[in-house]
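Only the shape, not the letters, is given here:
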């Protein structure tokens, strides 16, 4: 979070390249996807809990018109119900044709929206799976644990 800014101001930072009209439309779209964030617009973002800040950060990323979004641990600190909301939005972005690169420890949840998954160990690719589901999780776990 950008210290000293409200949640609304932090969201607007994410869409800084948009025109005023596009910014208003995108903010409305993001707040529709994240109704909880709408309740916090007037609050100082830095004072939110870690999970709340994570949710605002995900919403801020969605303010961008970028074709590629890179999300680092977007599910960390979120209650499962909220994490699934974030995954639904990621799925929607993917379906719109955006590329989303996610670094996430929770492989089970991330693979629900992933087209491909990679395990890196000290910068080296140790496992790769295309698609999702329980079998992909098991393959990735074996690769991560060096059991392939």
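Yep, it's here. These numbers come from a predicted model, not from an experiment. Numbering: from 1, shown residues only.

what does the model give the closest residue to residue 99 other than its chain neighbours for pLDDT?
Sequence neighbours aside, residue 68 is the residue nearest to residue 99 in space, at 4.7 Å (criterion: CB to CB, 6 or more residues apart in numbering). C-beta: built from backbone N, CA, C; applies to glycine. Note on residue 68: pLDDT of 92.

now the strands for this protein?
68-72, 99-103, 116-121, 124-130 (DSSP state E).

wait, isn't the residue nearest to residue 99 in contact with residue 101?
Yes: between residue 68 and residue 101 there is a contact under CB atoms under 8 Å: 6.9 Å.

Need the residue closest to the centroid of this structure.
residue 74 (4.2 Å; CA atoms, centre = their mean).

May I have the phi/psi pair for that one?
Reported as degrees, to the nearest 10, the phi and psi values for residue 74 are phi -70, psi -10.

thinking it is in contact with residue 104, fair?
Yes: the pair residue 74 / residue 104 is scored as a contact, 6.8 Å apart, by CB under 8 Å.

Can you point out the buried residues in the helix ranked longest in the chain?
The longest helix of the chain (DSSP state H) is helix 80-95. By 16 or more other CB atoms under 10 Å, the buried positions in helix 80-95 come out as 82-83, 85-87, 89-90, 93.

Roughly how far does the residue nearest to residue 99 sit from residue 100?
From residue 68 across to residue 100, the span is 8 Å (CB to CB, to the nearest Å).

Between these two, point out the one with more neighbours.
residue 100 (18 against 9; other CB atoms under 10 Å).

Tell me if I'm right that that one and residue 94 touch.
Yes: between residue 100 and residue 94 there is a contact under CB under 8 Å: 5.8 Å.

any shared contact partners between these two?
Taking CB atoms under 8 Å, 6 or more residues apart in numbering as the contact rule, residue 100 and residue 94 both touch residue 113.

Thank you kindly, that will do.
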